[in-house]
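Novice: here is my input; please provide its structure:
(one chain, ligands or ions: 1)
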Amino acid sequence: MSAYTRQAMALLFDRTAETYDALGVDFFGTFARELLDRVALVPGERVLDVGCGRGAVLFPAAERVGAGGSVLGIDLSAEMIERTAKDIEDRGPANASVSLMDAQEPTLDDATFDVALASFVVFFLPEPIEGLRSWHRLLKPGGRLGMTTFGDDDPRWAGVREVFKPFVSPELAWTLAIRASLFATIDGFDRAVESAGFTGVTSVERVYPVKFADPGQWITWSWSQGQRMFWELVPEDRQDAVRRAVLAELEPLREPDGSVVLAQSVRYTIAHRG
Ligand SMILES: C[S@@+](CC[C@H](N)C(=O)[O-])C[C@H]1O[C@@H](n2cnc3c(N)ncnc32)[C@H](O)[C@@H]1O
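Specialist: Numbers count the residues shown, from 1 in each chain. Coordinates of the predicted model:
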């Protein structure tokens, strides 16, 4: 991925920021809470939330570290930062702050954080190992890193993914293979994290049923997060046809109550700075 696509990614998330994680689908918040449980935050800790988005991790982390601790969220999307800063200003907490910054080369002092968190971020970086090295350097000795990444795709939803494939140009093919190479297996990813200097790296994978009231709700929701990238690759005059094709793929998956359920696999990785 080039520097341009890093910026393009930030602009994509700018366009999702208004409704990101705010459409009543239980998604980023659930995974954030489990990440915080696994990294075992304690009161008083200084935390960095890399790729903070709208604060799914940042707000509960600030609550857990309490007034004696702090959380700094960084993100390359100006809209995400602006809106999350406004939320902090409006409702607190006083120990949370955000800053516009590239996750791969954060301009922060070495050895200043007890914990670094990166929920669904590392796979967006052009050089994930470089990002991991940066986060390692920012941790105090004995500090911890907690990450989430996506696991295997739900095979029942393969037809939906196929609908978008014809619109993905060769230079964007990596977006379809986001779980390839470094992220293909848990063991391979753990070794990559070790290669960035971390010790005691462990990952676990869990699968969650994510419920959408009906296929239309999935479509609306998919525009509000990273999946929007695929919708935006579809030319305007093909949007209706693609929408109909997605609905047709999801129709057979409907439950008796009309809902559709996505089996979302999430990996939690915890690592340490020795
Ligand atoms: C899938 S969202 C996750 C947001 C949040 N961590 C959560 O769990 O809801 C990915 C976030 O990473 C940010 N991001 C992507 N590339 C980035 C980069 N190079 N530097 C900083 N943030 C980046 C996006 O703007 C977006 O807010």
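
Novice: contacts only, for the closest residue to A10 other than its chain neighbours.
Specialist: Nearest non-adjacent residue to A10, counting by C-beta to C-beta, 6 or more residues apart in numbering: L76, 4.0 Å away. For the C-beta atoms, the positions are set from N, CA and C on the backbone; glycine is no exception. For L76, the contact set (C-beta atoms under 8 Å, 6 or more residues apart in numbering) comprises R6, Q7, M9, A10, F13, G51, L100, M101, D102, A103.

Novice: can you lay out those as a markdown table showing neighbour count?
Specialist: Formatted as a markdown table, those follow (neighbours: other C-beta atoms under 10 Å):
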| residue | neighbour count |
| --- | --- |
| R6 | 17 |
| Q7 | 12 |
| M9 | 19 |
| A10 | 19 |
| F13 | 24 |
| G51 | 24 |
| L100 | 14 |
| M101 | 19 |
| D102 | 19 |
| A103 | 22 |
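
Novice: pLDDT weak spots in the stretch 151-274 of the chain?
Specialist: For the stretch 151-274 of the chain, the stretches with pLDDT under 70 are 174, 176-180.

Novice: checking whichever residue of it sits closest to the ligand next. Helix, strand or coil?
Specialist: Nearest residue of the stretch 151-274 of the chain to the ligand, counting by C-beta to the nearest ligand atom: G226, 5.1 Å away. With DSSP: H, G, I helix; E, B strand; the rest coil as the basis, G226 sits in coil.

Novice: show me the contacts of L76 that map onto helices.
Specialist: Counting by DSSP state H, these place R6, Q7, M9, A10, F13 in helices.

Novice: mind listing the strands for the stretch 101-250 of the chain?
Specialist: 113-119, 139-150, 199-212 (DSSP state E, counting those that start in this stretch).

Novice: most packed of those?
Specialist: Using mean count of other C-beta atoms under 10 Å, the stretch among these with the largest mean neighbour count is strand 113-119, at a mean of 25.

Novice: name the residues of the stretch 51-200 of the chain found near the ligand, please.
Specialist: Residues of the stretch 51-200 of the chain lying close to the ligand by C-beta under 6 Å from any ligand atom are 51-53, 56-57, 75-77, 80, 102-104, 119-121, 124-125.

Novice: how many residues are close by the residue of the stretch 151-274 of the chain closest to the ligand?
Specialist: G226 is flanked by 18 other residues according to other C-beta atoms under 10 Å.

Novice: go ahead and confirm it touches R15.
Specialist: No: the pair G226 / R15 is not scored as a contact, 11.1 Å apart, by C-beta atoms under 8 Å.
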